[in-house]
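The sequence isn't on hand, but the structure is:
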């Protein structure tokens, strides 16, 4: 794949994400059934409808690139470990937000290359806003009735700093660590929108001490990197993909201003 290919794929990826979003909204406006998966997380017809749209469209667009989705995650590591690049998709990130009808759910499509995100699209079906990131190039935001524009993380961070946290996964242990950082304002948000708030300079920090899977983070990870931010584990290492059998991520920090000692506040969590 030529180095410029991720950027060239972006218009089609945005189109696919919008089509998947339309499939989700068709079900969002109706009564729908919620199924409990083996890990007790919810699954709806909208997850599956979005999955089918993205799977079929990506197969037409890039038949040579493997595809992995939350709804088709049974591919063994012995196979996945041979992949240099692949699509990593969460067809409906924030199913709890979808079920609660608060609009804070997204369609996430990422291209992983060499265990790191190279390209990501995060689309918000209810608002029509789309975030894109081509790593080492640019991050952008577009939406209904607004001109597409470049986005960038906020440096230095605000005073008091703005910390974003999960709406559906509260973590009581987090507050003690945050107090070590100094004055802050906490904003609750669902799905991968938390990453996007950091990427567009509306938040400074997103610490995630609860469980996530690789498809939850990959697309927004690309947006954050492209916007000049970073995501590291509590050991200070970059968050990586497809290096183990499990899809579970380690705990991590999403950082805008890299000059601050964010990791120091989480020494006790290691």
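Perfect, I can see it now. Everything quoted here is computed from the prediction, not taken from an experiment.

for the stretch 51-200 of the chain, what spans make up the strands?
Secondary structure of the stretch 51-200 of the chain (DSSP state E, counting those that start in this stretch): strands at 67-69, 85-93, 106-113, 116-124, 129-134, 138-143, 146-150, 161-166, 184-189.

ok, residues contacting the first one?
This points to strand 67-69. If you take CB atoms under 8 Å, 6 or more residues apart in numbering as the criterion, strand 67-69 is touched by 51, 54-55, 58-59, 75, 80, 86-91, 215. For every residue, glycine as well, the C-beta is placed using N, CA and C.

how does it look with 6 Å?
51, 55, 58, 86-89, 91 (CB atoms under 6 Å, 6 or more residues apart in numbering).

Just send those back as JSON lines, with pLDDT and neighbour count too.
Output for these, formatted as JSON lines (pLDDT from 0 to 100; neighbours: other CB atoms under 10 Å):
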{"residue": "51", "pLDDT": "96", "neighbour count": "21"}
{"residue": "55", "pLDDT": "97", "neighbour count": "18"}
{"residue": "58", "pLDDT": "97", "neighbour count": "22"}
{"residue": "86", "pLDDT": "97", "neighbour count": "19"}
{"residue": "87", "pLDDT": "98", "neighbour count": "22"}
{"residue": "88", "pLDDT": "98", "neighbour count": "29"}
{"residue": "89", "pLDDT": "98", "neighbour count": "28"}
{"residue": "91", "pLDDT": "96", "neighbour count": "29"}
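
Out of the residues you listed, the closest to residue 13 would be?
Closest to residue 13 out of those is residue 58 (8.5 Å), distances taken as CB to CB.

The closest one touches residue 88, doesn't it?
No - between residue 58 and residue 88 there is no contact under CB atoms under 6 Å: 10.9 Å.

picking that back up, can you add distance to residue 151 and give the contacts of strand 67-69 back as a markdown table?
Below are the contacts of strand 67-69 laid out as a markdown table (distance: CB to CB, whole Å):
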| residue | distance to residue 151 |
| --- | --- |
| 51 | 28 |
| 55 | 28 |
| 58 | 25 |
| 86 | 26 |
| 87 | 23 |
| 88 | 22 |
| 89 | 22 |
| 91 | 24 |
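
Between the strands of the stretch 51-200 of the chain, which one is closest to residue 232.
Of all the strands of the stretch 51-200 of the chain, it is strand 116-124 that lies closest to residue 232, at 12.5 Å by CB to CB.

Now do the domain split for this protein, please.
Following automatic domain parsing, one gets these domains for the chain: 5-150, 161-269.

In this structure, which helix is the longest?
For the chain, the helix that runs over the most residues, judged by DSSP state H, is helix 5-28.

Please point out which parts of it sit buried.
6, 9-10, 13-14, 16-21, 23-24, 27-28 (16 or more other CB atoms under 10 Å).

Which is the succeeding secondary structure element to that helix?
For helix 5-28, the following helix or strand on the C-terminal side (DSSP states H and E) is strand 34-36.

Okay then, goodbye and thanks.
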